[in-house]
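Participant: Could you look at this predicted model? Sequence included:
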There are 2 protein chains.
Amino acid sequence: MKKTSIKDIAKLSGVSVATVSRVINDNGRFSEETRQKVLAVIKETNYQMNFSAKSLRMNKSFSVGILVPDISNYFFSSVVQQMEAILFEQGYSTIICNTGRNLDKELAYLNMLESKMVDGLIVISGADEFGFNYSNAENGIPYVCIDRQPKDKKDTIFISSNHYQGAFEATEALIHAGAKSPVIFMHSRQSSSAKERLKGFQDALKKNNIQMNPELSIFTMDLQKPDYQKNIATFVQKAKKIDGIFAINDHIAIELLNFLPTIGKKIPDDIKLIGFDDTPQCNYTVPKLSSVKQNIPEIAQITVDNLISIIKNPEQQKQITEIVPVELSLRGSI
Amino acid sequence: MKKTSIKDIAKLSGVSVATVSRVINDNGRFSEETRQKVLAVIKETNYQMNFSAKSLRMNKSFSVGILVPDISNYFFSSVVQQMEAILFEQGYSTIICNTGRNLDKELAYLNMLESKMVDGLIVISGADEFGFNYSNAENGIPYVCIDRQPKDKKDTIFISSNHYQGAFEATEALIHAGAKSPVIFMHSRQSSSAKERLKGFQDALKKNNIQMNPELSIFTMDLQKPDYQKNIATFVQKAKKIDGIFAINDHIAIELLNFLPTIGKKIPDDIKLIGFDDTPQCNYTVPKLSSVKQNIPEIAQITVDNLISIIKNPEQQKQITEIVPVELSLRGSI
């Protein structure tokens, strides 16, 4: 006997396959009348969902998973919220998974999302090691990456801010404001966005004929360590001429804005300072913090557009890279 | 012919029902050997998962859903992250749904989580109207509420900070610092936590024999409106004697900290100020902002403990209320 398929159910119910799927998953919009009709046909034909996730995936669940490294981070939570809003308007529910920049969690959540049969995935930069290519997911579920490309994987849709441009312009803003020996304050994570920002900083120095000495021009700080302030003080004493700092994110910049005056360095008089992310707090510090603003609405829109496009047409071209320009927000710290 | 059940599969495979469920859902820990064994038995017995979500729910999916109104809010994102970490250690994946304080979204996500067969739900305060009791979910999926109880529903596990105590102590801190006519700055959302905070403020005034005039003692502001600063200025002019402000959250407090000096009111000399939430930004304002600190680790732990307990024993007592004490963090603004 031929097994009943979801297509048969749709045909017998007089509705679309998508509607049958929505009724089965109890997700999305359909009338009570439609629901009753579909359920009656399912009962009549003794239709049972097949065990295999692959075949179920032929149906649509109208849900999308987002892997995000840290929802307490301004950029991540903003872009996730905006994507959720756009997806919801288009009829998709969003499942957010917070991976804590942890490779094990990333893999566990990929498996979980696969088992929940999401129609698509959005993966935001997290652990230094990108475990995505170890998962089965890449063979089945359409996905779009923000800020980080999987290793050794070319056939990927990749959306990112222009971190290089932001760092380059931020460093030049310090130089134009009079800084002769700007330095960069990094965190210890080796994400691709951090690498791009470092490269932008280095190229801006080079273009302006400023010598770079890795030991005196790059400081890596770890806000989790109890002695990080002592380390900053030691670094600032050693590299005596510091008169400009590009901080790789606003979190580090705001720490510096508060700490540097306590060791006798005034901002912006002694040291000019610029961060990255343009968090709302930039307007509440004294002086107000200059920063690099990512175009979050644009990133959210492009990401969702691309994802929905490959969900609807899985055979389409998947090697797409979109780099979204950033802009400087200059305030009193520079 | 008797239909094969998940129990039969477990028996034939020589593993537990939970392990079969994990293999089926490809979620959680099991060896490759176990997986092969279970899949072989499934194939042999021609076992198919039944359509009905109810029967499937007899299995465990080892996933939990969290409805959160706004992941960009410090309290919400912190408590969600901490709950996720505890749940993950106990073998559960966490599905986070951002409802944007929107009743339609809340219901849509409840349906979605039900269709994804989560084992339990955590519902965090959101829309003023609490739609939870309109859903089927309450009849099936064990859940715990943070900060807000569903209407007309007594049989609920409810975890909350002591918002009343926090507001009462914050207001008394203003009075002890010399404020003779403290006022409260509210937002327009009528959440139960906001109501508790207002009550704490009012009772502190009463206890200290300070007259309350609703028109001059309570200001409701909407940061979304373009003219909110004009409205603050008008209110501060009208209620000339304002010398202390309890802001219902740090977001409003930080706005005031920045705006009041521009209309000639110095903090803390002219007006003493305290917020609520003890966000990290409190340490970065000038002067540093006093605030009320919620015990986020405690709330996260109690919530997860209660949820896992009712997941494991659905018949247990569900009318539980746990109110977690808060504490003041006094800084330069008072």
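Facilitator: Okay, I see it. What you see is a predicted model; the values in this text were computed from it and never measured.

Participant: residues from the stretch 101-250 of chain A in reach of chain B?
Facilitator: Within the stretch 101-250 of chain A, the positions adjacent to chain B are A:Lys105, A:Ala108, A:Tyr109, A:Asn111, A:Met112, A:Glu114, A:Ser115, A:Lys116 by C-beta under 8 Å from any C-beta of the partner chain. In short, each C-beta sits where N, CA and C put it, glycine included.

Participant: So which of these wins on neighbours?
Facilitator: Counting neighbours by other C-beta atoms under 10 Å in any protein chain shown, the top entry in those is A:Tyr109, with 29 neighbours.

Participant: Make sure it is actually in contact with A:Cys97.
Facilitator: Yes. Applying C-beta atoms under 8 Å, one finds A:Tyr109 in contact with A:Cys97, separated by 4.0 Å.

Participant: For A:Val324, what are phi and psi?
Facilitator: When read as degrees, to the nearest 10, the backbone of A:Val324 gives phi -100, psi 130.

Participant: Mind listing the shared neighbours of A:Tyr109 and A:Cys97?
Facilitator: Counting by C-beta atoms under 8 Å, 6 or more residues apart in numbering or on different chains, the residues touching both A:Tyr109 and A:Cys97 are A:Gly65, A:Leu67, B:Ser93.

Participant: before we move on, the earlier item: and which of the residues of the stretch 101-250 of chain A next to chain B is nearest B:Ala179?
Facilitator: A:Lys105 (47.1 Å; C-beta to C-beta).

Participant: The closest one: which element?
Facilitator: helix A:103-115 (DSSP states H and E).

Participant: A:Thr94 now?
Facilitator: Using DSSP H and E, A:Thr94 falls within strand A:93-98.

Participant: can you tell me how far A:Phe30 sits from B:Asn102?
Facilitator: Computed as C-beta to C-beta, to the nearest Å, the A:Phe30 to B:Asn102 distance reads 20 Å.

Participant: next one: A:Ala239
Facilitator: 51 Å.

Participant: what's the helix or strand for A:Leu216?
Facilitator: Going by DSSP H and E, A:Leu216 is in helix A:214-217.

Participant: How far off centre is that helix?
Facilitator: The chain centre lies 29 Å from the centre of helix A:214-217; the measure is C-alpha atoms, centre = their mean, to the nearest Å.

Participant: same thing with stretch A:275-295?
Facilitator: In terms of C-alpha atoms, centre = their mean, the centre of stretch A:275-295 is found 19 Å from the chain centre.

Participant: same deal with stretch A:271-278?
Facilitator: The chain centroid and the centroid of stretch A:271-278 are separated by 21 Å under C-alpha atoms, centre = their mean.

Participant: Show me what it is in contact with.
Facilitator: With C-beta under 8 Å, 6+ apart, stretch A:271-278 has contacts from A:74-75, A:166-167, A:170, A:173-174, A:177-179, A:182, A:197, A:242-250, A:252-254, A:256-257, A:260, A:265, A:267, A:282, A:289-294, A:328-329, A:333-334.

Participant: which of those are buried?
Facilitator: In these, burial by neighbour count holds for A:74-75, A:166-167, A:170, A:173-174, A:177, A:179, A:182, A:197, A:242-250, A:252-254, A:256-257, A:260, A:265, A:267, A:282, A:289-294, A:328-329, A:333-334, counting by 16 or more other C-beta atoms under 10 Å in any protein chain shown.

Participant: so of these, which ones are in helices?
Facilitator: Mapping these onto helices (DSSP state H) picks out A:74-75, A:166-167, A:170, A:173-174, A:197, A:250, A:252-254, A:256-257.
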